[in-house]
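Q: here is my input, please return the structure:
(2 chains)
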Amino acid sequence: MMDALYALFSILVYPGLLFISILGLIYEWVDRKAVARFQNRIGPFYTGPRGFLQPLADFIKLMAKEDITPAWADKILFGAAPLFALVIPTFATLYIPFAGKPVLPPFEGDLVLIISLTTFFTITAFVAGWSSTNRFSTIGAVRAGLQLLGFEIPMFIAVASVAMSAGSLCITTIAESQVVEVQIAGATYKVLLPYALLQPLGFAVYLIALQAELERVPFDIPEAESEIVAGWLTEFSGKKLAFLRLSSDVRLVLGAALATAIFLGGGSGPLLPPIIWFLIKATIIVIISAMLRAMFARIRIDQMVRGAWKYLIPLSLVQLILTKTLLVVK
Amino acid sequence: MPVYKLPIGPQHPAIKEAFHFTFDLDGEVVVDVKPRLGNVHRGIEKGMEFRTWVQGIFLVERICGICNTPHTTCYALTVEELYGVEAPPRAQYIRTIINELNRIHSHLLWVGILGMELGFWSYFMYVWRDRERVMDVVEMITGNRVTTSAIIIGGVAYDITPEMEGPIRRAMDYLEERTKFYKKVLETDPTIRARTQNVGVLPKSVAIDLCAVGPTARGSNVKSDVRFEEPYCAYGEVPFNLVTYDTCDVWARAMVRIDEVLESINIIRECLDKMPNGPIRLRLPRAPPPGEAMNRVEAPRGELLHYCKSDGKEYPYRFKARTPTLANIPALCEMLKGYYIADIPAIVASIDPCYCCTERLIFRDVNSGKVWAWTYDELRRYSLKWFKSNGGRRK
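A: Numbers count the residues shown, from 1 in each chain, chains lettered A, B, ... in the order given. Presented below is the predicted three-dimensional model:
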């Protein structure tokens, strides 16, 4: 009975759905605040201490707003898309070992599951844009699909080279495999040797591809504001938009947490409990992402896909070959 | 993929003003574009006929919020021509300084907008933060940040006192340093270059054929600048360079504007050095003698033209303005063809459009909702008929 209650608690509250949603809102605040500082602004300031509650206030405000479905939209798909957009990344996040082990039991291959779920998300975005039948949405939807061709493969290869050197496709195992035992003067020490240091090229490729997956500058092409209003999000309003906004927060959590688990050694670290270490590392990833967001102009879809195939994929392949060679030499 | 239509405007995040384009698209590529003006027609030219010559200044500077000073300068020069007088030399120098401050503020505003259109929000935020410095200087001189009403018929309303010189020079030093930095960003940032170079190309011959003006023309290597061709105010007495670039793309237009900011800073310094002493305004009678006059001024967006006709009364008989954006729209339509949807904001922004100054004439039948345009002849015939049937212009 207690086990069942505990399982329910862990799925619904910590480190499950509620935790992920709140973390998403917090990371949105961190992201907004960081970008504001990079841009010489103050960012959210009035709601809560230092504007901490602003994302929550935005969410509540959107939930209370009028929800309009365009007359020509495909009603079922249009209504379902925001739900799928929220559920897919949330489900994927349940496999991330926030505090040592994930909510859902890890299995050999959950890394592949998560990566394929991110692909599913893009398909949801495409369906959302396509079903709204707005010109801007349609263009945004097509761009989302095209962008997938650019970022998905290098991301896959970067993650694959990590999985190869860890010898596992299970995220939890990969995270744990980054703690190595070193013997110095007879004593054995446990040292964290993250893959970010061992495979810097793969880590960089992952971060850039993450920017594209999250549809952030310089790859916010599917929702490019000054070109196509809000891209595939244009027709969404009220609760649906609130869900889509929350979904993008959860995707930020997922992207940062996955990077933390497979490239930065998850929650391992001295003194502090694993969850704290995990959150510190994930926050660093969020701030790096915010920095990239503040540093560039948006590039064009053709430039994005061409750049991904010209630079990102060769770089990730170089990383893969290097890793394989080192493994063979060992 | 068949050609389909994408309506952009009157409400669209890329274009802050009400303007409508219909794009014919083949996939993501623009095949054809049809602009439609007339959403913010305000009847200013007619309104001028119901105001005295002095009141006209305050209406004329509201033709365009951003480049208001060139409008008042042009109007003041034109009306002074009707009077047959010239403003005192000190007023000419102060006019030059205020015009150049306005150019700096307008160009920096535009460079920030370019960053915004490209999704480069940091650039926008930084440039606009430094633009505040120009506005502070303008506020110090005239008491207002943007719409200053500083230039009046026969001179200027505000003097630049010796105490103001120090702060102006300090602000210019600061702006010069920052503008050089922004120029470096434009020159070196890979994403900005990828989005602006070889985009929206307007070859020199086409620019001349379509009568492009201002930075749009100078970005296509056309040496056209009223300040050189027909120096007004103190422009004939201070040395400065005419900036042109020969790459003919959006990037060239951006570089022209950034370089012009640097030139403006130098012009302001020169003016402060050479400023003569004396009165700053003339006292003139209420109405100019009958006659007509026309004047050109180089506004931040290009050549601006004002025409005034007086019949000796205290109201203008006719007032006409031709703003630079209107002159650049044919060139804009040519620039857009063959580029991607993603390039539209950058190209449209590259002429620094200001639609509210452009919109002058549109016919709309309120009952049927029909909208049409007239040729000059039709308009002339209509106006003659109207004059005959009403027996005059004002009842």
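
Q: now the helices for the stretch 51-200 of chain B?
A: With helices called from DSSP state H, counting those that start in this stretch, the stretch 51-200 of chain B shows them at B:53-60, B:68-83, B:89-117, B:121-142, B:162-188, B:190-196.

Q: got the ones you listed as JSON lines, with distance to residue B:227, mean pLDDT and mean neighbour count columns?
A: To be clear about C-beta, it is placed using only N, CA and C from the backbone, and glycine gets the same treatment. Shown next, in JSON lines, are the helices of the stretch 51-200 of chain B (distance: least, CB to CB, whole Å; pLDDT from 0 to 100; neighbours: other CB atoms under 10 Å in any protein chain shown):
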{"stretch": "helix B:53-60", "distance to residue B:227": "20", "mean pLDDT": "86", "mean neighbour count": "20"}
{"stretch": "helix B:68-83", "distance to residue B:227": "11", "mean pLDDT": "89", "mean neighbour count": "25"}
{"stretch": "helix B:89-117", "distance to residue B:227": "9", "mean pLDDT": "89", "mean neighbour count": "25"}
{"stretch": "helix B:121-142", "distance to residue B:227": "19", "mean pLDDT": "88", "mean neighbour count": "19"}
{"stretch": "helix B:162-188", "distance to residue B:227": "19", "mean pLDDT": "90", "mean neighbour count": "15"}
{"stretch": "helix B:190-196", "distance to residue B:227": "26", "mean pLDDT": "85", "mean neighbour count": "20"}
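
Q: those helices: which one's closest to residue B:307?
A: In terms of CB to CB, the element of these nearest to residue B:307 is helix B:68-83, at 7.1 Å.

Q: let me know the angle separating that closest one from helix B:89-117.
A: 150 degrees (axes from the mean of the first three to the mean of the last three CA atoms, to 10 degrees).

Q: still on that earlier bit, redo the helices of the stretch 51-200 of chain B as CSV? Include distance to residue B:47.
A: Shown next, in CSV, are the helices of the stretch 51-200 of chain B (distance: least, CB to CB, whole Å):
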stretch, distance to residue B:47
helix B:53-60, 6
helix B:68-83, 13
helix B:89-117, 23
helix B:121-142, 24
helix B:162-188, 34
helix B:190-196, 39
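
Q: out of those, which is closest to residue A:200?
A: Between residue A:200 and the helices of the stretch 51-200 of chain B, the tightest spacing by CB to CB is seen for helix B:190-196, at 20.7 Å.

Q: which elements pack onto the helix or strand of chain A with the lowest mean pLDDT?
A: Least confident helix or strand, chain A: helix A:225-228 with a mean of 72, by mean pLDDT, DSSP states H and E. Helices and strands touching helix A:225-228, by 3 or more CB pairs under 8 Å, 6 or more residues apart in numbering or on different chains; DSSP states H and E, are helix A:135-166, helix B:344-350.

Q: what parts of the stretch 251-395 of chain B come near chain A?
A: Counting by CB under 8 Å from any CB of the partner chain, the stretch 251-395 of chain B comes close to chain A at B:340, B:341, B:342, B:343, B:344, B:345.

Q: dump the residues you listed to TSV, plus distance to residue B:295, neighbour count and pLDDT.
A: Below are those laid out as TSV (distance: CB to CB, whole Å; neighbours: other CB atoms under 10 Å in any protein chain shown; pLDDT from 0 to 100):
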residue	distance to residue B:295	neighbour count	pLDDT
B:340	41	18	82
B:341	40	22	78
B:342	40	26	77
B:343	36	25	80
B:344	35	26	79
B:345	34	27	79
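
Q: average model confidence for stretch A:314-328?
A: Regarding stretch A:314-328, the rounded mean pLDDT is 85.

Q: returning to that earlier point: just so I know, which of the helices of the stretch 51-200 of chain B lies nearest residue A:203?
A: helix B:190-196 (20.9 Å).

Q: just checking, what packs against the closest one?
A: Counting contacts by 3+ CB pairs under 8 Å, 6+ apart, helix B:190-196 packs against helix B:162-188, helix B:250-274.

Q: mind putting those into CSV with distance to residue B:69?
A: Listed next are these as CSV, based on distance: least, CB to CB, whole Å:
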stretch, distance to residue B:69
helix B:162-188, 16
helix B:250-274, 12
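
Q: contacting residues for residue A:72?
A: If you count contacts by CB atoms under 8 Å, 6 or more residues apart in numbering or on different chains, residue A:72 has them with residue A:133.

Q: where does it fall, phi/psi-wise?
A: Reported as degrees, to the nearest 10, the phi and psi values for residue A:72 are phi -90, psi 0.

Q: and the residue of the stretch 1-150 of chain A found nearest chain B, what does it touch?
A: Chain B sits closest to residue A:39 of the stretch 1-150 of chain A, with a gap of 4.1 Å, by CB to the nearest CB. Residue A:39 makes contacts with A:294, B:121, B:122, B:125, B:126, as judged by CB under 8 Å, 6+ apart.

Q: since that was my last question, I'll sign off now.
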